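Trainee: Here is a sequence together with a model predicted from it:
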Amino acid sequence: MRPQQRSGCARRRTLKFEPLESRQLLAATPIEIFAAGATGEETLELQIDGATVATFTNVGGDFSSRAFQQLSYVHPTDVTANQIRVAFNNNGVSTGGGDMNLHVDRIEVNGTSFETEAPSVFSVGTAVFGVGCTSGFIQDETLWCNGYFQYAEPTGSVIEIDAAGWTGEETLELEIDGNVVASFQNVGGDQQNRIFETLSYTHTGPVSIDQIRVAFTNNGVAAGGGDRNLTVDKLTLDGTEYETEAPSVFSVGTAVFGVGCTSGFIQSETLWCNGYFEYSQPTGSVINIFAAGETGEERVDLSIDGNIVASFENVGGDPFARNFQTLSYTHTTTVTIDQIRVEFNNNGVSTGGNDMNLWVDKVELDGTTFESEADDTFSVGSFLPGLGCTEGTLLTETLYCNGYFEYQSNADPGTLQLGTTAVSVDEDAGTALIPVVRVGGSDGAVSLNYTTVDATAIAGQDYALTAGQAILGPGVTSTNIVVPIF
């Protein structure tokens, strides 16, 4: 059968679209809490915007050994640390008779850690000696009473201190504007091997370097009988490093030989007595010296306007492999390159019996590079065959004797030229003397390489092929090149 056809016009259908309200795509947020109960019966509540979203009973872990239980929760929407509270609400005596307390090491929100003892965390139920349970920015990770930790995104400066205690019992205090904001007990590390412990603190607001002191407060004899001293390598403020031995750092409690513990801009990183390092923003020039000692026992002295401002002992590197050690110094004021000398002052024989020599590849002053072998670098203590250790603009980077490099020097070595355009000698004279003269200056030693070439005279028939180096010492203005003639 044929399908029956419908007569008439097809019906027109109208589709109506209902507008949807604006919606935001919301992402789930994983939250991790690292906590330990003192008795194992503590209850922890996770609150977001004041509402409890998860409860964890009988929190385990072992606070005394810093072993924390990881409590996990995934919120269906986007959450920031500012919305989060971790609450403790069943304080009391456990079934075993123990005091119930809750320790919270940190939380992680979307993989970002927030330490409970950070200065941006507000707490209710933490304890202060002599006061008892209280509230405030206490920087403690234990709730001794019912209460909570209210987390917040840190907005202040981050301070990191790289320090080492000589006995492991030293106490370091961080001060801002004269107030102690953090204390670190039993500072570890190994100062002899330059291994430092990094101590971190986040302030509630922005801080400048001149507000900061690092103090040593428990000088004395350790339990094992050792002398307690504190070495502070550097301080990092919001990612910027400040060396403790910089000339802009004022110290109380550093030591000077023959004086003992004293105060001043000592450029030391060790506090031998109770005292502090007070940092400040360096405003002077930054000088980097790229040097290598042949034996590893060489010393570099940096002098400015003839005064030694920094010494670097046992310079390492490998000059033959072009591996140079970077020696850094920040001056208290701005300097120019012609004020600077890089000195070598302990030439001799090393403990291994080798000759001590110092190589200086270059100097950087406020980011500008000056090569030691540049034609305007004057050296004392470099070497020329026939003269030995001498001085001059010798295009070298090695000091074989005590001396120095002086960059962009005003010394004028003069120029070398032939003293005549023609020399006439009898054939039986045996030699011809070709004068070389130095004009325009005579500072330091200079040299030139020479060789004879044939013109009308033929080498081996009329004269002996001659090549060599003409050297004029400091103040010498003339010499002769001797050519044998037949």
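Mentor: Cool, the structure landed.
Trainee: Can you get me a residue count around Arg299?
Mentor: 17 (other CB atoms under 10 Å). The way it works is simple: take the backbone N, C-alpha and C, and place the C-beta from them, glycine included.
Trainee: Could you pull out the buried residues of stretch 68-78?
Mentor: 68-69, 71, 73, 75 (16 or more other CB atoms under 10 Å).
Trainee: Just grab the bridge partners of Thr29 for me.
Mentor: His75 (DSSP bridges).
Trainee: And Asn179, how far from Thr204?
Mentor: Distance, Asn179 to Thr204, by CB to CB, to the nearest Å: 12 Å.
Trainee: Asp62 now?
Mentor: Note on Asp62: its distance to Thr204, by CB to CB, is 31 Å.
Trainee: With Ser248 instead?
Mentor: From Ser248 across to Thr204, the span is 26 Å (CB to CB).
Trainee: For these two, indicate the residue with more neighbours.
Mentor: Legend: neighbour count by other CB under 10 Å for Ser248 and Thr204, higher for Ser248 (20 against 16).
Trainee: pLDDT value on the more buried one, please?
Mentor: Looking at Ser248, its pLDDT reads 82.
Trainee: Please shift the residue numbers so they start at 46 in all later answers.
Mentor: From this message on, residue numbering opens at 46, which makes the last subject Ser293.
Trainee: Packing partners of whichever strand or helix holds Ala477?
Mentor: Ala477 is part of strand 476-484 when elements are defined by DSSP states H and E. Using 3 or more CB pairs under 8 Å, 6 or more residues apart in numbering; DSSP states H and E, the elements in contact with strand 476-484 are strand 460-463, strand 512-517, strand 523-529.
Trainee: what about 6 Å?
Mentor: In terms of contacts (3 or more CB pairs under 6 Å, 6 or more residues apart in numbering; DSSP states H and E), strand 476-484 is packed against strand 460-463, strand 523-529.
Trainee: Columns mean neighbour count, distance to Thr381 and mean pLDDT on top of those strands, output as TSV?
Mentor: What follows is the helices and strands packed on strand 476-484, written out as TSV (neighbours: other CB atoms under 10 Å; distance: least, CB to CB, whole Å; pLDDT from 0 to 100):
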stretch	mean neighbour count	distance to Thr381	mean pLDDT
strand 460-463	14	26	88
strand 523-529	16	35	93
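Trainee: Figure out which of those strands is closest to Gln370.
Mentor: In terms of CB to CB, the element of the helices and strands packed on strand 476-484 nearest to Gln370 is strand 460-463, at 36.2 Å.
Trainee: so Asn319 makes contact with Asn263?
Mentor: No: contact criterion CB atoms under 6 Å: Asn319 and Asn263 do not qualify, at 7.6 Å.
Trainee: about what we covered before: and the helices and strands packed on strand 476-484 as TSV, adding distance to Val425?
Mentor: Listed next are those as TSV, based on distance: least, CB to CB, whole Å:
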stretch	distance to Val425
strand 460-463	21
strand 523-529	22
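Trainee: Which one of the ones you listed lies nearest to Glu198?
Mentor: strand 460-463 (68.2 Å).
Trainee: Show me the residue at the heart of this structure, geometrically.
Mentor: Glu286 (5.7 Å; CA atoms, centre = their mean).
Trainee: per-residue pLDDT, that residue?
Mentor: 88.
Trainee: Tell me how far the nearest residue to it once chain neighbours are set aside lies from Val297.
Mentor: Spatial nearest neighbour of Glu286, excluding adjacent residues (CB to CB, 6 or more residues apart in numbering): Lys279 at 5.4 Å. Distance, Lys279 to Val297, using CB to CB: 18 Å.
Trainee: How about Thr200?
Mentor: 32 Å.
Trainee: likewise Ile516?
Mentor: 55 Å.
Trainee: again, but for Phe310
Mentor: Distance from Phe310 to Val297, counting by CB to CB: 11 Å.
Trainee: Could you check which of the two is surrounded by more residues?
Mentor: The neighbour comparison of Phe310 against Val297 (other CB under 10 Å) goes to Val297, with 19 against 15.
Trainee: pLDDT score for the closest residue to the more buried one other than its chain neighbours?
Mentor: Using CB to CB, 6+ apart and skipping residues adjacent in sequence, the residue nearest Val297 is Gly320, 3.7 Å away. For Gly320, the model assigns a pLDDT of 97.
Trainee: so what's Gly320 bridging to?
Mentor: Listed by DSSP bridges, the beta-bridge partners for Gly320 are Phe261.
Trainee: the strands in the stretch 96-245 of the chain, which residues?
Mentor: Along the stretch 96-245 of the chain, counting by DSSP state E, counting those that start in this stretch, strands occupy 96-101, 114-120, 129-133, 147-154, 157-160, 167-173, 177-181, 187-188, 192-195, 203-210, 217-221, 224-229, 242-247.
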